[in-house]
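**Q** structure of the sequence below:
(4 chains)
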There are 4 protein chains.
Amino acid sequence: MASPFRYSRRVQFAETDLAGIVHFSWMFRYMEEAEHAAWRAAGLSIAERGGALGWPRVAASFEFRNPLHFEDEIEVIVRLAEVGSRSLQYEHTIVRGDVVIGSGRITTVCVQKTSDGPMRAIEIPAGILRKLRDVLQPSG
Amino acid sequence: MASPFRYSRRVQFAETDLAGIVHFSWMFRYMEEAEHAAWRAAGLSIAERGGALGWPRVAASFEFRNPLHFEDEIEVIVRLAEVGSRSLQYEHTIVRGDVVIGSGRITTVCVQKTSDGPMRAIEIPAGILRKLRDVLQPSG
Amino acid sequence: MASPFRYSRRVQFAETDLAGIVHFSWMFRYMEEAEHAAWRAAGLSIAERGGALGWPRVAASFEFRNPLHFEDEIEVIVRLAEVGSRSLQYEHTIVRGDVVIGSGRITTVCVQKTSDGPMRAIEIPAGILRKLRDVLQPSG
Amino acid sequence: MASPFRYSRRVQFAETDLAGIVHFSWMFRYMEEAEHAAWRAAGLSIAERGGALGWPRVAASFEFRNPLHFEDEIEVIVRLAEVGSRSLQYEHTIVRGDVVIGSGRITTVCVQKTSDGPMRAIEIPAGILRKLRDVLQPSG
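**A** Below is the predicted model of the structure:
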């Protein structure tokens, strides 16, 4: 699959703030929604009920270039920017048609859930990585 | 304790929408925050880590009388309106000084958590009810 | 148009809480998203940029019957329950396939925006009402 | 004033997700709440009603070191990291007692609001900068 993954979304009223534009914190939720849609496109769920793995975030960033307004239709373009043995970094670009709204990165670590104790990072299962790569090929 | 429980809160930027006022869905979160603060004042937590009980909501309503703006300082006044064997109904009034912003009700049921199966309603433990009543005496 | 308006939506990760289900406050946002989608289906926007009208909420309620989980696909079914000269009441049912998640009502008032002063309720413009009725015929 | 600005906050239920910890997007809201509290401590409001200035975000990042749970009491420590003629960069550290939850940066630009047109960056008024510096002295 040669092209990056694209997730479509419309801006909702509750996502705007008194400045009349989307509150900046929503870009992080849009990026995460797109990531989870990519997992579904790969035949996976990032949070299977009763599953043993978790994917906490260790870094997140966004650079804002243009504001978003109520009812704007956006696309979040997701690429797999870096693959470590225990972590993944996604690169996201949010666009509204030809206008770039901004771009960001989210780094997530694969952990084994324990009953209420600290989470422990583990190697990403090969089967998960292979399926994700089919949908989100490395950007470099 | 003769007076109702009061919870203080300042309106935050991300709680406003493009109309320049607090988005209506936040009133439900303000009410819940006040409820949980009342539990803490009673020496309890509504969601103890590893605890066996849950308190899902079965009904929630609010009537809006005046808008709220960024940085407004509000108080949520909480009373225990009805006590059933397995459920509680809270009555909340949100005020900004002398101005009534609105009032609402939340009904919650005591359930036993099961591992990923359906939740089962159970009788509210007497110790919890006694402590809550010390802080939130019935309104009638 | 004989059937009610239906809005489809998938539950997102950030909408869940530590109980593993969708936080109750999101039902109010799902209802509003469906309302605004109905306006778009009617060729309208509830918040046109530079527009003179606003639609603040005066009452909102929901009764919860079944919990929602991450990645559930839901539909919000919207009907126009009551039409006043200055207000509308919507009736919403949220379903996941054949399972009723719950139902609620939102009442909204048509107001004229003024520059930072109090909002003033006005009669709903006939053209707006006609278009909405084409999409959301009264339920009774 | 020699010490950095500190903002206290308790984690609320609606801020958690199904993983049982605070959803990562909330760190950005905690940072913003602390920034706005610093403005108030400086005798300012970042969004005065009817005011002509706006402060859109141009960059935001956070690195996560430890998870947060329901009812945790946190502090957000804010410093002014960089001051440009038209922009400010804040540096935030979120702590729970001695435990560092993570740290981040938010860069914001001073703009002149125009009626529905594009925002125009302008020089930060000297009076605002002086007051902010009294509360948030540069970290370097």
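
**Q** which positions in chain A make contact with chain D?
**A** Residues of chain A lying near chain D by CB under 8 Å from any CB of the partner chain: A:18-19, A:21, A:24-26, A:28-29, A:32, A:47, A:54, A:56-64, A:67, A:119. C-betas here are computed from N, CA, C, even on glycine.

**Q** can you pull out the low-pLDDT segments for chain A?
**A** Applying pLDDT under 70 to chain A flags the ranges A:1-2, A:115-117, A:138-140.

**Q** next SSE after the helix ranked longest in chain A?
**A** The longest helix of chain A (DSSP state H) is helix A:26-41. Proceeding N to C from helix A:26-41, the next assigned helix or strand is strand A:53-54, under DSSP states H and E.

**Q** show me what that following strand is packed up against.
**A** Where contact means 3 or more CB pairs under 8 Å, 6 or more residues apart in numbering or on different chains; DSSP states H and E, strand A:53-54 is packed against strand A:111-112.

**Q** please, where are all the helices along chain A?
**A** Using DSSP H, helices in chain A cover A:26-41, A:126-135.

**Q** from chain A, which residue is nearest to chain D?
**A** residue A:61 (3.6 Å; CB to the nearest CB).

**Q** beta partners for that residue?
**A** residue A:105, residue D:61 (DSSP bridges).

**Q** what's the burial count for it?
**A** 18 (other CB atoms under 10 Å in any protein chain shown).

**Q** next, work out how far apart it and residue B:102 are.
**A** 38 Å (CB to CB, to the nearest Å).

**Q** would you confirm that residue A:18 contacts residue B:68?
**A** No. The criterion here is CB atoms under 8 Å, and residue A:18 misses it with residue B:68 at 11.2 Å.

**Q** give me the neighbour count for residue A:112.
**A** For residue A:112, using other CB under 10 Å, the count is 11.

**Q** what of the one 10 residues further on?
**A** Counted with other CB under 10 Å, residues neighbouring residue A:122 total 14.

**Q** how about the residue nearest to it when sequence neighbours are not counted: which residues does it bridge to?
**A** Closest residue to residue A:122 apart from its sequence neighbours, by CB to CB, 6 or more residues apart in numbering or on different chains: residue A:112 at 5.0 Å. Beta-bridge partners recorded for residue A:112 (DSSP bridges): residue A:53, residue A:120.

**Q** got a list of what residue A:112 touches?
**A** Going by CB atoms under 8 Å, 6 or more residues apart in numbering or on different chains, residue A:112 touches A:52, A:53, A:54, A:119, A:120, A:122.

**Q** I'd like the distance between residue A:39 and chain C.
**A** Distance of residue A:39 to chain C, computed by CB to the nearest CB, to the nearest Å: 10 Å.

**Q** was I right about that residue contacting residue A:134?
**A** No. Here residue A:39 does not reach residue A:134: they are 11.6 Å apart, not a contact under CB under 8 Å.

**Q** give me the more crowded residue out of these two.
**A** The residue with more neighbours, out of residue A:39 and residue A:134, is residue A:39; 20 against 12, by other CB under 10 Å.

**Q** dump the residue contacts of that one.
**A** Applying CB under 8 Å, 6+ apart, the residues near residue A:39 are A:45, A:46, A:132.

**Q** weed out the non-buried ones from the residues you listed.
**A** By neighbour count, with 16 or more other CB atoms under 10 Å in any protein chain shown, the contacts of residue A:39 hold A:46, A:132 as buried.

**Q** excluding its backbone neighbours, what's nearest residue A:69?
**A** Nearest to residue A:69 is residue A:21, by CB to CB, 6+ apart, at 6.0 Å.

**Q** identify the residues contacting that neighbour.
**A** A:67, A:68, A:69, B:18, D:56.

**Q** how about the residues of chain A near chain C?
**A** A:12-14, A:20, A:29, A:32-33, A:36, A:40, A:45-47, A:49, A:69-71.

**Q** distance check, residue A:12 against chain B.
**A** 10 Å.
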